[in-house]
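In: One predicted model, sequence on top.
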Amino acid sequence: MDLSSFQSQTAQRLRAEGRAEGRAANILLLLDHRGVELSDEERERVMGCSDFDTLDLWFRRAVTASSAAGVFDGQEG
């Protein structure tokens with residue numbers, strides 16, 4: 001039985017999960033470094049997100065955001 005496609009799909013999924021977890025951790029590290037406070041629920045939201053496009057958007061916002069709303073909603077205030 002040829003398992004190469006299963007292994008390939010599994011490997012791709014694991015790599016994607018690893019990328020998402022790494023990006024989420026980077027978002028939290030960046031926000032912590034910048035002094036932006038997040039609630040436990042907001043931290044769980046970041047760490048629980050597996051959509052890399054969303055994580056990428058949050059990361060870009062985290063560079064300049066001064067609040068959680070700035071990260072998640074693009075709103076500052």
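Out: Ah, there it is. All values derive from a computational prediction rather than experimental measurement.
In: Pick out the residue nearest the middle of this protein.
Out: The residue lying closest to the centre of the chain (Cα atoms, centre = their mean) is residue 24, at 2.9 Å.
In: Quick one: the helices in this protein, in order.
Out: Assigned by DSSP state H, the chain shows helices spanning 4-34, 40-48, 52-62, 68-72.
In: where's the residue nearest to the centre of the chain relative to residue 53, distance?
Out: For residue 24, the distance to residue 53 (Cβ to Cβ, to the nearest Å) stands at 13 Å. No exception for glycine: its C-beta is placed from N, CA and C like everyone else's.
In: same check, this time on residue 23
Out: If you measure residue 23 against residue 53 using Cβ to Cβ, the figure is 10 Å.
In: out of these two, which sits in the busier spot?
Out: When neighbours are counted by other Cβ atoms under 10 Å, residue 23 and residue 53 differ, and residue 23 comes out ahead with 17 against 8.
In: mind checking pLDDT for the more buried one?
Out: Model confidence at residue 23, expressed as pLDDT, equals 95.
In: where in this protein is pLDDT low?
Out: Scanning the chain for pLDDT under 70 picks out 1-7, 76-77.
In: run the last query once more with 90
Out: Low-confidence segments of the chain (pLDDT under 90): 1-20, 74-77.
In: if we can go back for a sec, now for the residue nearest to the centre of the chain: which residues touch it?
Out: 46, 47, 49, 55 (Cβ atoms under 8 Å, 6 or more residues apart in numbering).
In: can you put the residues you listed in CSV and add distance to residue 61 and neighbour count?
Out: Output for the contacts of residue 24, formatted as CSV (distance: Cβ to Cβ, whole Å; neighbours: other Cβ atoms under 10 Å):
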residue, distance to residue 61, neighbour count
46, 12, 23
47, 17, 14
49, 13, 17
55, 11, 20
